[in-house]
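Undergrad: Kindly generate the corresponding structure for this input.
(chains A and B)
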Amino acid sequence: MDIDTHKAEEHEAHAHGYGIYVLVFFGLLALTAVTVSVAGINLGSLTLTVALVIATIKTCLVANYFMHVKFDTPIFKVFIAVCIVIFATMIGLTFFDLIFRTP
Amino acid sequence: MSQNSEVVVHQEHVHEAHAHVGEHVHRDDMGSKMGMWLFLFTEVLLFGGMFILYASYRFIYSDAYKVAAAELDTYIGTINTIILLASSCAVVLGIVALQRKNKGLCLGFLWFTQACGAAFMVNKYFEWTHKIHLGIYPKGPALADMSEGEVVFFGLYYVMTGLHGLHIIVGMIFIGTIMVMIQKNKITHDNYQKLENAGLYWHLVDVIWIFLFPLFYLIH
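TA: Below you'll find the model as predicted:
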C-alpha cells in the first residue's frame, strides 16, 4: 500500500503534459534558425564560439527536458558532470600538446 | 521420516516464494536507467575522440576547412537537423502517451520517429551519392587536386557522419524492438523503462548531430 502510493507520487512527479515538450521543440527550431542565419554573417573568429554556444544551449534543452535530467534524481547530473570533466581534460591536454609543439 | 518430508514441503514453499518474487517484483528501473546512461557516456567519449581529432586538424588547417566545407549542402544539413529534432520530440511525446495509457497514440508517435529516421538516412544517401559522383571520396579523383587539409576534412566528414548514420540505424532497430514489445503489452503504462532507455539513446544521437551540423555544414 505504502509502496503503491509512493510509486504513484513518483509517476506524478515525472508525468508532464505534451505541451512542455512541444514548446521545447519550438525552442530548438528557433535556435537552429539562429545558428544557420548567424553562420551567414562574418563574425571572424567568433563564428565558431557562437555556433558552439548555441549547440550547447540546444544540448541542455534536450538533456533537461527530452532526457528528463531536470526531473530525475541529481545523481545523473553528477554523472554528466564527471563525463564532461573527463572530456574537457582530454581536449585540454591535446591542445597543450598541439599549441606548444614546434612544427 | 516425517521431519524429512516437512523439510521438503518447506523447500517447496521457498521455491514458490522465489518464483513469485521473480515474476512480479524483480525490476530495477533506476539501475536500468543508470546502466543506459553509463553506456551513453562511452558513446560520448567515442564521438568525443573524433571531435578532438576534428578540432586538432581544424587548428592546423583552418583555411582548408573553410574551402572544403563550402562543398557541403547547408540546405540538406538544416532539413536533417529539423527532422532529428522532430523525431526526438516524438519519442518523448510517445512516453507521455503511454503514461496516459494511450497505446495507439504512443505507437503512432514512435512510427513518426521511425519515418524521421528513414527520411534522415534517405537525405544522407542522396548527399553522399552526390559527393561520390563528384569524385569526393577516400582516394577519389577529386581529392587528388585538393590540399592536405581538405582531404582531412572530407575524411573526417565521412567517418563522423557515417558513424552517426550507423547510430541512426541502430536507434531505429532499438525503437522498432520496443514498438513490438509495446504492441505485445510487454511494455505498459507502469513498466516503460525500456522505452525511456530507447529514447535516451535516440536523444543522444540527436545531440551528436546538434554538434556535427554547425561544425561541418556551417563553416564560412
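
Undergrad: Tell me the helix or strand right after the helix or strand bottoming out on mean pLDDT in chain A.
TA: When each helix and strand of chain A is scored by mean pLDDT, DSSP states H and E, helix A:2-14 comes last, with a mean of 47. For helix A:2-14, the succeeding helix or strand toward the C-terminus, using DSSP states H and E, is helix A:18-40.

Undergrad: for that following helix, packing partners?
TA: Based on contacts counted as 3 or more CB pairs under 8 Å, 6 or more residues apart in numbering or on different chains; DSSP states H and E, the elements that helix A:18-40 packs against are helix A:46-61, helix B:74-99, helix B:193-217. The C-beta positions use only the backbone N, C-alpha and C, and glycine is treated the same way.

Undergrad: And the average pLDDT for the shortest one is what?
TA: It stands for helix A:46-61. The average of the pLDDT scores along helix A:46-61 is 93.

Undergrad: Put the alpha carbons of stretch B:123-140 into CSV.
TA: The C-alpha atoms that make up stretch B:123-140 are tabulated as CSV, following Å, rounded to 0.1, in the frame of the first residue of the first chain:
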residue,chain,number,x,y,z
ASN,B,123,18.8,12.5,-47.4
LYS,B,124,22.2,11.2,-46.3
TYR,B,125,22.1,8.7,-49.2
PHE,B,126,21.4,11.5,-51.7
GLU,B,127,24.0,13.7,-50.1
TRP,B,128,26.7,11.0,-50.2
THR,B,129,26.0,9.7,-53.6
HIS,B,130,26.2,13.3,-55.0
LYS,B,131,29.6,13.7,-53.3
ILE,B,132,30.8,10.4,-54.6
HIS,B,133,29.5,11.3,-58.1
LEU,B,134,31.7,14.4,-57.9
GLY,B,135,34.7,12.2,-57.1
ILE,B,136,34.9,13.2,-53.5
TYR,B,137,35.5,10.0,-51.5
PRO,B,138,38.6,8.5,-49.9
LYS,B,139,41.2,8.1,-52.7
GLY,B,140,38.7,9.6,-55.2
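
Undergrad: In it, which of the residues would be classed as buried?
TA: Along stretch B:123-140, these residues count as buried under the neighbour rule (16 or more other CB atoms under 10 Å in any protein chain shown): B:N123, B:K124, B:E127, B:W128, B:K131, B:I136, B:Y137.

Undergrad: ditto for stretch B:76-95
TA: For stretch B:76-95, the neighbour count (16+ other CB under 10 Å) marks B:77-78, B:80-81, B:83-95 as buried.

Undergrad: Please apply the same query to stretch A:22-32.
TA: Going by neighbour count (16+ other CB under 10 Å), the buried part of stretch A:22-32 is A:V24, A:F25, A:L28, A:L31, A:T32.

Undergrad: so how far is the longest helix seen in chain B off the chain centroid?
TA: The residue-count maximum for a helix in chain B (DSSP state H) belongs to helix B:148-183. Helix B:148-183 sits 7 Å away from the centroid of its parent chain (CA atoms, centre = their mean, to the nearest Å).

Undergrad: what is the orientation angle of it with helix B:74-99?
TA: Calculated by axes from the mean of the first three to the mean of the last three CA atoms, to 10 degrees, helix B:148-183 forms an angle of 20 degrees with helix B:74-99.

Undergrad: Good, we can wrap up now.
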